[in-house]
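> I would like to see how this sequence folds:
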Amino acid sequence: MFTRSELEIKTIRELRDLCRRYGIKPTGNPGYKVSYITSLMAFPQLALHQMPIRFS
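All right, here's what the predicted structure looks like:
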């Protein structure tokens, strides 16, 4: 996904668009970049936990 540094240099609009692309809502006030960054940083881990585990 993205590193925190990569996300911090993006504008609020770019962060909002990323969240919309992945269906993620910002954590907290959507007027702050940190709200989007927090959600985007947590997204990969949450997605992995939601995947069904299949054993062959």
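> what strand or helix carries Thr38?
Take DSSP states H and E as the rule and Thr38 turns out to sit in helix 33-50.
> what lies in contact with the host helix or strand of Ser5?
Assigned by DSSP H and E, Ser5 belongs to helix 4-8. The contact list for helix 4-8, computed with CB atoms under 8 Å, 6 or more residues apart in numbering, reads 15, 33, 36-37, 40-41. For glycine as for every other residue, the C-beta is placed from the backbone atoms N, C-alpha and C.
> what distance do you get for Arg4 to Pro30?
19 Å (CB to CB, to the nearest Å).
> for stretch 6-20, buried residues please.
In terms of neighbour count (16 or more other CB atoms under 10 Å), stretch 6-20 has its buried residues at 7, 10, 15-16, 18-19.
> now that stretch, how far from the centre of its chain.
The chain centre lies 9 Å from the centre of stretch 6-20; the measure is CA atoms, centre = their mean, to the nearest Å.
> before we move on, the earlier item: from the buried residues of stretch 6-20, which ones fall inside helices?
7, 15-16, 18-19 (DSSP state H).
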